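Engineer: below are the sequence and a predicted model for it; my questions follow.
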Amino acid sequence: MSIHPTAIIDPKARVHPSCKIGPYCVVGADVELGEGCHLVSHVAIEGPTKIGAENGFFPFCSIGMAPQDLSYRGEPTRLEIGDHNEIREFVTINRGTVKGGGLTRVGNHTLVMAYTHIAHDCAIGDHVILANAATLGGHVTVEDWATVGALCPVHHFVRIGAYAFVGGGTTITRDVLPFSKTAAARDTHAYGLNAVGLERRGFSKERISKIHHAYKILLASKLNTTQALERLKSEPERGEDVDALIRFIEASERGVIK
């Protein structure tokens, strides 16, 4: 194990021998660091926190600290981080709260850029990008392959759907549709399909065409949301992606951005 002499590792922490811990890092009790993790310098990690393999933590990030919630009373809530994630400078990721289920979770292959905040009880999927200073309130869900642009505040309990792209500087107070491009000009709107992103992720032209058709009905027709969903359900060849889109909208508690 490579540990710089200025680093402080609690005896109760479980650190894989292949980890590399740089200058002035602090790893607290009840922290588990998996194989091949690298703490560059000045990284602070508190527990209970479980971190998987091959994660990189850059200077001055703060991981697994107590939630910023006035109802928190020191309960042993948790943070779990998967494998192959990159956590950049000054990122803060808080543990969960009892009332929120007690767990904050970050998946795999996720890039969390500098100054991003992931609050208590958030659930971040796989292959997500959170750009600089994205700010996620408590209980936010970000599904797989979604991208949240720089300087985006995201309201508590909001869901950001799979493969969605949120433009920089966009305030998000309602759910972001899967596969969508959503951004703020004067107001926050969904501007249609994230076609370039889907192509990059290997979606076939047929799959993209079906999703594009669904978005035309949702966003460009004169139908309200309920009518648009009924129209989509009536189409037998809509495909699994459109089914996922329908389920996402029907499960929304805050409403979706159209």
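Structural biologist: Alright, I've got the coordinates. Numbers count the residues shown, from 1 in each chain.

Engineer: number of nearby residues for the residue lying closest to Glu237 once chain neighbours are set aside?
Structural biologist: Using CB to CB, 6 or more residues apart in numbering and skipping residues adjacent in sequence, the residue nearest Glu237 is Lys210, 7.7 Å away. Every residue, glycine included, has its C-beta placed from N, CA and C. Neighbourhood size, Lys210 [other CB atoms under 10 Å]: 20.

Engineer: now the one 10 residues further on
Structural biologist: Other residues within reach of Ala220, judged by other CB under 10 Å, total 10.

Engineer: low-confidence stretches in the stretch 1-150 of the chain?
Structural biologist: Scanning the stretch 1-150 of the chain for pLDDT under 70 picks out nothing.

Engineer: need the helices for it, in chain order.
Structural biologist: Counting by DSSP state H, counting those that start in this stretch, the stretch 1-150 of the chain has no helices at all.

Engineer: returning to that earlier point: what about the helix or strand hosting the residue nearest to Glu237, distance to the chain center?
Structural biologist: Using DSSP states H and E, the element containing Lys210 is helix 205-215. Relative to the chain's own centre, helix 205-215 is displaced by 25 Å; criterion: CA atoms, centre = their mean, to the nearest Å.

Engineer: on contacts alone, who are the packing partners of it?
Structural biologist: Applying 3 or more CB pairs under 8 Å, 6 or more residues apart in numbering; DSSP states H and E, we find helix 205-215 packed against strand 188-193, helix 195-200, helix 240-250.

Engineer: which residues does that helix contact?
Structural biologist: Contact partners of helix 205-215, identified using CB atoms under 8 Å, 6 or more residues apart in numbering, comprise 179-180, 192-193, 195, 198-199, 232, 237-239, 241-242, 245.

Engineer: pull out the buried residues from that helix.
Structural biologist: 207-208, 210-211, 213-215 (16 or more other CB atoms under 10 Å).

Engineer: what would these look like in JSON lines with distance to Ser41 and pLDDT?
Structural biologist: Below are the buried residues of helix 205-215 laid out as JSON lines (distance: CB to CB, whole Å; pLDDT from 0 to 100):
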{"residue": "Arg207", "distance to Ser41": "44", "pLDDT": "94"}
{"residue": "Ile208", "distance to Ser41": "44", "pLDDT": "95"}
{"residue": "Lys210", "distance to Ser41": "48", "pLDDT": "94"}
{"residue": "Ile211", "distance to Ser41": "44", "pLDDT": "94"}
{"residue": "His213", "distance to Ser41": "51", "pLDDT": "94"}
{"residue": "Ala214", "distance to Ser41": "48", "pLDDT": "93"}
{"residue": "Tyr215", "distance to Ser41": "45", "pLDDT": "91"}
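
Engineer: would you mind giving these as a markdown table with distance to Pro153 added?
Structural biologist: Rendered in a markdown table, the data for the buried residues of helix 205-215 read as follows (distance: CB to CB, whole Å):
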| residue | distance to Pro153 |
| --- | --- |
| Arg207 | 32 |
| Ile208 | 30 |
| Lys210 | 33 |
| Ile211 | 27 |
| His213 | 32 |
| Ala214 | 28 |
| Tyr215 | 25 |
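
Engineer: the helices and strands packed on helix 205-215: which one's closest to Leu130?
Structural biologist: For Leu130, the closest of those is helix 195-200, at 15.2 Å, according to CB to CB.

Engineer: avg pLDDT for the closest one?
Structural biologist: For helix 195-200, mean pLDDT rounds to 92.

Engineer: please apply the same query to stretch 229-249.
Structural biologist: pLDDT averaged over stretch 229-249 gives 94.

Engineer: end-to-end on that stretch?
Structural biologist: Distance across stretch 229-249, first residue to last, is 9 Å (CA to CA, to the nearest Å).

Engineer: mind listing what's buried along it?
Structural biologist: Applying 16+ other CB under 10 Å to stretch 229-249 flags 229, 232, 238-239, 241-242, 244-246, 248-249 as buried.

Engineer: nearest to Val43, of the residues you listed?
Structural biologist: Distances from Val43 to the buried residues of stretch 229-249, taken by CB to CB, are shortest for Phe248, at 35.5 Å.
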